[in-house]
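**Student:** Here is the input, now give the coordinates:
(one chain, ligands or ions: 1)
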Amino acid sequence: MMPDNKKKILVLGGGFAGMYAARHLEKVLRADEAEISLVNQENYSVYQPMLPEVISGSIGLTDVVSPIRRICPRSHLIMREVESIDLAKKVVTVAPGFRPRRMELPYDYLVIALGGITDFYGMPGMIENAKPFRTLADAVALRNHIIHALEEADVETDPAQRSKLLTFVVAGGGFSGVEVMAELNDFVYAVKRNYSRIRDAQMRCVLVHSGDRILPEMTEDLGRFAQKILVKRGVEIILNDRLEAATSEMAIFKSGIEVPSKTIVSTVPSVISPVLQKLDCKKERGRLLVNGQMELVGHEGVVWALGDCAAAKTKAGTPVPPTAQHAIREATTVANNIAAIMRGSARSEFAFEGLGKLASLGHFSAVADIMGIRISGPLAWLLWRAIYLMKMPGFSQKVRIALDWLVAILFPPDLVQLKMLRGSDIKRQHFEPGDVVFNQGDFGDSVYVIEKGTCEVLREKDGAQQHLADLGAGDYFGEMAVLADVSRNATIRAVSAMEVLLIPKDDFNLLKTTVPAFGDVFTQLAKKRSTAGGESGQPGS
Ligand SMILES: Cc1cc2nc3c(=O)[nH]c(=O)nc-3n(C[C@H](O)[C@H](O)[C@H](O)COP(=O)(O)OP(=O)(O)OC[C@H]3O[C@@H](n4cnc5c(N)ncnc54)[C@H](O)[C@@H]3O)c2cc1C
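**Tutor:** Numbers count the residues shown, from 1 in each chain. Down below sits the predicted model:
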């Protein structure tokens, strides 16, 4: 058999940067040259520029995303979360899936494109009360929340409560904040007439921005035009201020202004994900520092970083802004440079300076600055739609969006609230005699409480299986691996039919921090088991 000389290329992230990198790698490398794998926590890529349109429902939920398997058919998609990257050993560890085992992915070349996350650190009450806007889940949650607020306002009799329900605050006057506000404002005014009791009620849509004008990414005249359009449509714009804290009842600004509201959206700039924050490499402006060829500084020729998580400069020395158009071009540079390294040819520098900027203001209006030509109003809106539709990956997705837009022009917006009630993840499980609850070596992802039945604790050592203990109703197991964040040290097998209460790790940790007595029980038990039992036979697992 011929030895497999294929290089392993691992792409982390399936957004604009990662998905286009994999797609271009598929174009420039033959199947016998490289094995391309892509890790993303979803099996789709979100087309963020159109995400605000999910709020009004003018684009269907699944039409704003592209299935990665169709766009990158030759890449092996691994739908998991990246947990850690070991640059020295050239291994990436991904979280467990249905089977509670972490997976290790070795690589020859690594492409890091994990984008950013919303970080409310240091902003009191924001995690609980403010809504981020980055992912499809964020957009769906916001749409549902807005509809819920309107439904509640329609039955609310207290004027103060009703006014809170009809006040919508968006923080951040950059592209995403402005586009979210424009869509939200259009949506609530368009559907208001369907609610008989609030039809004539006063609505408030408040946009707060830290600068002295919105859209600082664009020229002053376009920023001012956008401001004028929004104000004309009823948006209140508060400048030179910022959202600093949030409660369930109000948004609190830095100036001390308090806006009573049940809907607070924050489009604060993103930070890199914790897995990249931990990475031992050079960073600039909180992002991974790359050279002109998009290689991670200190790991040239092996690791590349691009998109929102990278601090890059163009050939001319301009810092690369976190936009989709730059991420796509960076992806081409990275793929070409990986191919160049593999073939021993010259690598290229990232030289794209941007084609222009567009922001949709909804309702047939937009602002555009394309190669120095500034346009605003309906023409810019048409241009926005034409350009973004063209850029949407996949023909079927393009057709779907075009149809969605047509329907949205012909009919009023849909106001159905998708009820996606998610019960607690704490659940009961049933095991028949002989069923294995978990195996030694599995990832510790849950703690178990036995309600009925019995099980045995088994440990494999030196090729032999030892019976460590029997457990019955009222006993707990699984806490040691969860508390210490390590793998299971024993196997649990049901002896008789057994009912257990399964507490997933996140719920367990939440209970442990909020109810100290609960945590104490398990911490003491784990301590007792590891000192008294450990090797000898206690089941902590
Ligand atoms: C609302 C909004 C509107 C925008 N509008 C525009 C616009 O009009 N024009 C424009 O040019 N730009 C726009 N942008 C910016 C643009 O979308 C980003 O610059 C671009 O998406 C960056 O691409 P990326 O691949 O670096 O990151 P992302 O697109 O965020 O992709 C990162 C990917 O990594 C995955 N991921 C993250 N962490 C993990 C992990 N630990 N394990 C596995 N997978 C992980 C995520 O699920 C995601 O798929 C907008 C952004 C937003 C939020």
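
**Student:** Now do the strands in the stretch 1-150 of the chain.
**Tutor:** For the stretch 1-150 of the chain, the strands defined by DSSP state E, counting those that start in this stretch cover 7-12, 34-39, 44-46, 65-67, 76-78, 82-86, 91-94, 103-106, 109-112, 130-131.

**Student:** For the residue nearest in space to the middle of the chain, give its distance to H326.
**Tutor:** Taking Cα atoms, centre = their mean, the centroid of the chain lies closest to T135, which sits 5.1 Å from it. Counting by Cβ to Cβ, to the nearest Å, the gap from T135 to H326 is 20 Å. All C-beta spots, glycine's among them, are computed from the backbone N, C-alpha and C.

**Student:** Same check on N5?
**Tutor:** 34 Å.

**Student:** Comparing those two, which residue is more hemmed in?
**Tutor:** For N5 versus H326, neighbours defined as other Cβ atoms under 10 Å are more numerous around H326 (24 against 8).

**Student:** which SS state does that one fall under?
**Tutor:** On the three-state scheme (DSSP: H, G, I helix; E, B strand; the rest coil), H326 is labelled helix.

**Student:** ok, V482 touching K505?
**Tutor:** Yes. If you go by Cβ atoms under 8 Å, V482 and K505 touch, sitting 5.3 Å apart.

**Student:** Can you pull the residues that touch both of these two?
**Tutor:** G444, D445, S446, V447 (Cβ atoms under 8 Å, 6 or more residues apart in numbering).

**Student:** Which of these ranks first by neighbour count?
**Tutor:** Counting neighbours by other Cβ under 10 Å, V447 comes out on top of the shared contacts of V482 and K505 with 27 neighbours.

**Student:** For A251, see how far away that one is.
**Tutor:** Counting by Cβ to Cβ, the gap from V447 to A251 is 38 Å.

**Student:** Quick check: closest non-adjacent residue to the closest residue to the ligand within the stretch 151-300 of the chain.
**Tutor:** Residue nearest to the ligand within the stretch 151-300 of the chain (Cβ to the nearest ligand atom): S176, separated by 3.6 Å. Closest residue to S176 apart from its sequence neighbours, by Cβ to Cβ, 6 or more residues apart in numbering: T267 at 4.4 Å.

**Student:** Near that neighbour, how many residues? Count them for me, please.
**Tutor:** Other residues near T267 come to 24 when the count uses other Cβ under 10 Å.

**Student:** who touches it in this structure?
**Tutor:** When contacts are counted by Cβ under 8 Å, 6+ apart, T267 touches P132, F133, V170, A171, G172, G174, S176, G177, V180.

**Student:** Show the model's pLDDT score for it.
**Tutor:** With respect to pLDDT, T267 has a value of 92.

**Student:** mind checking how far it is from V208?
**Tutor:** In terms of Cβ to Cβ, T267 sits 11 Å off from V208.

**Student:** Need the overlap of contacts for these two.
**Tutor:** Common contact partners of T267 and V208 (Cβ under 8 Å, 6+ apart): V170, A171, G172.

**Student:** Give me the residues contacting whichever strand or helix holds the first one.
**Tutor:** Read it as V170. Here V170, judged by DSSP states H and E, is contained in strand 167-171. With contact meaning Cβ under 8 Å, 6+ apart, strand 167-171 is reached by 130, 146, 149, 177, 180-181, 184-185, 188, 203-209, 242-243, 251, 259-268.

**Student:** Now whichever residue of the stretch 251-400 of the chain sits closest to the ligand: closest residue in space, sequence neighbours ignored.
**Tutor:** Here the residue of the stretch 251-400 of the chain nearest the ligand is G307; by Cβ to the nearest ligand atom that distance is 2.1 Å. Distance criterion Cβ to Cβ, 6+ apart; nearest residue to G307, sequence neighbours excluded, is A17 at 2.8 Å.

**Student:** which residues touch that neighbour?
**Tutor:** A113, G115, L306, G307, D308, C309, A327, I328, E330, A331.

**Student:** And those residues, which two are furthest apart?
**Tutor:** C309 and I328 (15.0 Å; Cβ to Cβ).

**Student:** quick one, which of these two is more surrounded?
**Tutor:** Set C309 next to I328 and count neighbours by other Cβ under 10 Å: C309 wins out with 31 against 21.
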